[in-house]
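Engineer: structure of the sequence below:
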Amino acid sequence: MIVCSTADAEVRAVELIQDCDTYCTGLNSFVRQGNLAIETAQAYFNGETKFMSETFVEGGCITKENAAEYINSGVLLES
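Structural biologist: Numbers count the residues shown, from 1 in each chain. Predicted structure coming up:
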């Protein structure tokens with residue numbers, strides 16, 4: 001059985017991936033979203049008036065092979 005899931009980038013979900021052979025999760029990093037919101041607000045209060053109508057943060061697919069990299073990156077939520 002192959003399981004795919006999104007877990008909103010929680011550390012515990014990514015730790016579970018390290019213990020499985022056929023599991024992955026999508027990265028939906030609230031840390032990255034929050035950082036972008038703060039950067040946008042700072043730009044606004046510093047006089048910026050032109051913004052894109054949509055902004056996106058980088059996603060990702062977290063697997064057993066790259067789970068440790070994501071855990072140590074600071075983009076995951078602590079459980």
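
Engineer: can you tell me the centre-most residue of this protein?
Structural biologist: S29 (2.4 Å; Cα atoms, centre = their mean).

Engineer: so that one touches Y70, yeah?
Structural biologist: No: in this structure, S29 is not within contact of Y70 by Cβ atoms under 8 Å, at 9.1 Å. The way it works is simple: take the backbone N, C-alpha and C, and place the C-beta from them, glycine included.

Engineer: quick one: the residue nearest to the centre of the chain from G74, how far?
Structural biologist: 9 Å (Cβ to Cβ, to the nearest Å).

Engineer: element containing L16?
Structural biologist: L16 belongs to helix 11-18 when assigned by DSSP states H and E.

Engineer: pull the CA atoms of that helix into PDB?
Structural biologist: Extracted C-alpha coordinates of helix 11-18, given in PDB (Å, rounded to 0.1, in the frame of the first residue of the first chain):
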ATOM      1  CA  VAL A  11       7.400  18.000  12.400                       C
ATOM      2  CA  ARG A  12       5.700  14.800  13.800                       C
ATOM      3  CA  ALA A  13       4.300  13.900  10.400                       C
ATOM      4  CA  VAL A  14       7.700  14.300   8.800                       C
ATOM      5  CA  GLU A  15       9.300  12.200  11.600                       C
ATOM      6  CA  LEU A  16       6.800   9.400  10.800                       C
ATOM      7  CA  ILE A  17       7.900   9.500   7.200                       C
ATOM      8  CA  GLN A  18      11.500   8.600   8.200                       C
END
